[in-house]
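from the sequence below, what's the structure:
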Amino acid sequence: MSSSAHDHPLPPPRVEEVSDGVYAYLQPDGSWWINNTGFLAGRRGVVVVDACSTERRTRAFRDAIGKVTDRPITTLVNTHHHGDHTFGNWLFPEATIVGHEGVREQIIADGVPAYRAAWSPGVEWGKMEPTPPFLTFTDRITVHSDELRCEVRHVGHAAHTTNDSYVWIPERRLLFSGDLVFNGGTPFVLMGSVAGALQAVEQLRGLGAETIVPGHGEVCGPEAYEPVEGYLRFVQETARRGREAGLTPLEAARETDLGEWAGLLDAERIVGNLHRAYAELDGHPLGAPIDLATAILDMITYNGGQPLSCLA
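Numbering: from 1, shown residues only. Okay, the predicted model is just below:
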């Protein structure tokens, strides 16, 4: 079993103007560690949404911004703590880095996380210098790009992680969802909550966004919510049946036909998601700590004992 289907070289990243002066930076194919970012090009400065996972990819992102505008980068918003969105923070020394207080706490706690070893050994991470947000919030904060209001809102509970926020631009009906939305990839909630992720999608739906820049995958609209919800409910049902049968999360995953979800990238995430779903069935609070090392090892086992695919 391969963790991602890569039958051709990945296309290069590209900039897509999703609204006047607002840009998505899309990195195909959106599999492990290959995320989307974005930026708002104002008259006086640039507001950036998320960094990238490697030094090379983050430098390329900065170069792409420079081809659109010569204004300085003033602000970098982190939607959550995962390294594909924050490892490149150190390459924005001129910017005020903004994030939920949980993002700061987790980046400091993780440092350079050892779990990177679970992925393909040839990844060129480049320099690693953990750099947490130094302007933090607990609920929400508003950033302005000239006159354009950008609301950075914490979800309020565990979802993809315990510290997810999204960037909502109400005047444009435009949403940067972070990893609350995967478009074409398998949603991943090992470090968050299955039930909480479902609640988060319902919260996003209530915004009435017309354009969504997902954390991974192509720009989309609200039609992307339904498959995310469908997959997460599939995880919950698989966990319920597995627990009733006395199976471990790995055993339950191996005995489960992914069906309509088999074509999503990084299918082995089913195992990590089941570890989280089992914890919730056992009554643990949403986002409570679980044994991440065992869950990751089980994903590798499900993947034929091979390191997880990473083309970042």
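
which residue lies closest in space to residue 115, excluding its sequence neighbours?
residue 296 (5.8 Å; C-beta to C-beta, 6 or more residues apart in numbering). All C-beta spots, glycine's among them, are computed from the backbone N, C-alpha and C.

how far out from the middle of the chain is stretch 124-141?
14 Å (C-alpha atoms, centre = their mean, to the nearest Å).

dump whichever helix in the chain runs longest to PDB, restricted to CA.
Longest helix in the chain, counting residues (DSSP state H): helix 225-244. The C-alpha trace of helix 225-244 is given here as PDB (Å, rounded to 0.1, in the frame of the first residue of the first chain):
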ATOM      1  CA  TYR A 225     -17.600  20.500   3.500                       C
ATOM      2  CA  GLU A 226     -19.800  17.500   2.700                       C
ATOM      3  CA  PRO A 227     -17.000  15.000   1.800                       C
ATOM      4  CA  VAL A 228     -15.000  16.100   4.900                       C
ATOM      5  CA  GLU A 229     -18.000  15.400   7.100                       C
ATOM      6  CA  GLY A 230     -18.800  12.200   5.300                       C
ATOM      7  CA  TYR A 231     -15.300  10.900   5.900                       C
ATOM      8  CA  LEU A 232     -15.300  11.800   9.600                       C
ATOM      9  CA  ARG A 233     -18.600  10.100  10.100                       C
ATOM     10  CA  PHE A 234     -17.100   7.000   8.400                       C
ATOM     11  CA  VAL A 235     -14.300   7.100  10.900                       C
ATOM     12  CA  GLN A 236     -16.700   7.300  13.800                       C
ATOM     13  CA  GLU A 237     -18.700   4.300  12.500                       C
ATOM     14  CA  THR A 238     -15.600   2.300  11.700                       C
ATOM     15  CA  ALA A 239     -14.400   3.000  15.300                       C
ATOM     16  CA  ARG A 240     -17.700   1.900  16.800                       C
ATOM     17  CA  ARG A 241     -17.700  -1.400  14.900                       C
ATOM     18  CA  GLY A 242     -14.100  -2.000  15.600                       C
ATOM     19  CA  ARG A 243     -14.500  -1.400  19.300                       C
ATOM     20  CA  GLU A 244     -17.500  -3.700  19.500                       C
END
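
now it: average pLDDT?
Helix 225-244 carries an average pLDDT of 98.

so which residues make contact with whichever helix or strand comes after it?
Helices and strands here follow DSSP states H and E; after helix 225-244, the next one along the chain is helix 249-254. Helix 249-254 is contacted by residues 238-239, 241-243, 245, 270-271, 274-275, 277-278, 295, 298, 301-302 when judged by C-beta atoms under 8 Å, 6 or more residues apart in numbering.

most neighbours among the residues you listed, which one is it?
Among the contacts of helix 249-254, residue 274 has the most neighbours (other C-beta atoms under 10 Å), with 30 neighbours.

pretty sure that one is touching residue 241, no?
No - at 10.6 Å, residue 274 and residue 241 do not qualify as touching, with contact defined as C-beta atoms under 8 Å.

what is the mean pLDDT for stretch 27-37?
pLDDT averaged over stretch 27-37 gives 98.

no wait, stretch 163-176
The average pLDDT for stretch 163-176 rounds to 99.
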